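Novice: take a look and give me a structure for this.
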Amino acid sequence: MGSTQEEVEVSYDVSNEFFRLWLDERMNYTCGIFDGTDNLEEAQVKKLEWISNAAKVTPEKRVLDIGCGWGANIEYMVTTRGVKDATGITLSRAQAEEIGARKLPGVEAHVISYADFQPEQKFDAVTSICMMEHISTPEQARKGEHISLYRDYFKKVWEWTNPGAHFGLQTILRNRVPRNRTDLRDIGWVTYKIFPGGLSLRLEDVIMAVNPHWEVMEIRTRREDYGKTTGEWLRRLRLNEAAIREKWGDEVFTDYERYLDTCVRGFDKHYQSLAQYSLRRID
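Specialist: Predicted coordinates for the structure are as follows:
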């Protein structure tokens with residue numbers, strides 16, 4: 001079902017040190033919000049603030065972060081929002097190790113698929129930033145299985161939460177199909193080389209799948225913000241070209257330069273976008 005652990009680790013376990021060279025200082029590997037700033041670090045904090053507000057995160061709530069990455073979102077909720085009990089789940093062992101190294105009080109990180117996750121206690125708030133892309137493979141979507149997989153995911157999250165819970169969600173969107181042969185080839189290459197087993201969603205996929213468990217309270221799209229984010233990642237990657245080639249090899253640098261350049265074009269030409277959602281549990 002969706003991306004396997006091996007596929008996820010192709011995407012995220014190149015090296016924590018490698019990603020630290022070109023992501024922001026908190027290691028957010030998702031879109032920032034550039035309202036009133038051109039600084040990536042500030043933009044990522046604005047994104048984390050939006051997600052916490054969407055999930056109604058407050059200090060007394062028990063929070064789950066699905067697809068927790070290297071812990072940027074959990075760290076923000078603990079250090080800035082005062083959360084005392086937070087759980088993160090990921091399929092990446094390298095990401096879980098990074099969260100452990102941050103030594104955040106009241107935080108647990110589990111290397112487990114959402115499909116196998118069975119919490120002992122329910123949660124009061126949930127966040128998930130660009131994890132749904134790993135729920136359905138391109139092959140499953142071609143068979144028409146993706147909506148049922150997304151619907152099952154939303155059902156599971158409902159089962160893990162208490163009445164009154166809110167869910168701050170973010171997903172990459174696929175919009176129009178490229179008519180340019182180079183762009184079409186590069187986007188296909190990214191899908192299978194950098195994110196094997198993954199698939200960006202369409203906005204209508206989420207709308208069809210949330211019912212009957214979650215009510216959509218707000219949606220905000222961020223296509224231009226993600227274009228700026230990936231552009232800054234590409235700039236920082238190129239600044240570290242010599243170090244990357246020396247430590248991880250020419251292929252890693254070449255692949256990631258091609259991937260990020262493809263992303264910049266994809267957001268500019270409306271092939272891709274991003275959506276943020278505030279969902280409320282239907283009790």
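
Novice: which residues of the protein score low on pLDDT?
Specialist: Along the chain, segments meeting pLDDT under 70 span 1, 7-11, 13.

Novice: which stretches in the stretch 101-250 of the chain count as helices?
Specialist: Along the stretch 101-250 of the chain, counting by DSSP state H, counting those that start in this stretch, helices occupy 138-142, 146-159, 181-193, 203-210, 223-239, 241-248, 250-268.

Novice: you'd agree Cys68 is in a helix?
Specialist: No. Applying DSSP: H, G, I helix; E, B strand; the rest coil, one finds Cys68 to be coil, outside a helix.

Novice: just to revisit the earlier point, who wins for proximity to Ser113 among the helices of the stretch 101-250 of the chain?
Specialist: The minimum distance between Ser113 and the helices of the stretch 101-250 of the chain falls on helix 146-159, with 10.8 Å, by CB to CB. The way it works is simple: take the backbone N, C-alpha and C, and place the C-beta from them, glycine included.

Novice: which elements pack onto the helix or strand containing Gln276?
Specialist: For Gln276, the host element (DSSP states H and E) is strand 272-281. Applying 3 or more CB pairs under 8 Å, 6 or more residues apart in numbering; DSSP states H and E, one finds that strand 272-281 makes contact with helix 40-54, strand 161-174, helix 203-210, strand 214-221, helix 223-239, helix 250-268.

Novice: the inter-axis angle of it versus helix 250-268?
Specialist: For strand 272-281 against helix 250-268, the angle between stretch directions is 70 degrees (axes from the mean of the first three to the mean of the last three CA atoms, to 10 degrees).

Novice: circling back to that earlier point, how about the helices and strands packed on strand 272-281 in TSV, adding mean neighbour count?
Specialist: What follows is the helices and strands packed on strand 272-281, written out as TSV (neighbours: other CB atoms under 10 Å):
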stretch	mean neighbour count
helix 40-54	21
strand 161-174	21
helix 203-210	18
strand 214-221	15
helix 223-239	19
helix 250-268	18
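
Novice: for these, which one sits closest to Phe195?
Specialist: The nearest among those, by CB to CB, is helix 250-268 at 8.8 Å.

Novice: so which elements touch the closest one?
Specialist: Looks like helix 250-268 contacts helix 181-193, helix 223-239, helix 241-248, strand 272-281 (3+ CB pairs under 8 Å, 6+ apart).

Novice: CA atoms only for that helix - export them in PDB, please.
Specialist: The C-alpha trace of helix 250-268 is given here as PDB (Å, rounded to 0.1, in the frame of the first residue of the first chain):
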ATOM      1  CA  ASP A 250      28.700  13.500  -9.000                       C
ATOM      2  CA  GLU A 251      25.400  11.500  -9.500                       C
ATOM      3  CA  VAL A 252      23.800  12.800  -6.300                       C
ATOM      4  CA  PHE A 253      24.500  16.400  -7.100                       C
ATOM      5  CA  THR A 254      23.400  16.000 -10.800                       C
ATOM      6  CA  ASP A 255      20.200  14.200  -9.800                       C
ATOM      7  CA  TYR A 256      19.200  16.700  -7.100                       C
ATOM      8  CA  GLU A 257      20.000  19.700  -9.300                       C
ATOM      9  CA  ARG A 258      17.800  18.200 -12.100                       C
ATOM     10  CA  TYR A 259      15.000  17.400  -9.600                       C
ATOM     11  CA  LEU A 260      15.000  20.900  -8.000                       C
ATOM     12  CA  ASP A 261      15.200  22.600 -11.400                       C
ATOM     13  CA  THR A 262      12.200  20.500 -12.600                       C
ATOM     14  CA  CYS A 263      10.300  21.600  -9.500                       C
ATOM     15  CA  VAL A 264      10.900  25.300 -10.100                       C
ATOM     16  CA  ARG A 265       9.600  24.900 -13.700                       C
ATOM     17  CA  GLY A 266       6.700  22.800 -12.500                       C
ATOM     18  CA  PHE A 267       5.400  25.400 -10.100                       C
ATOM     19  CA  ASP A 268       6.000  28.200 -12.600                       C
END
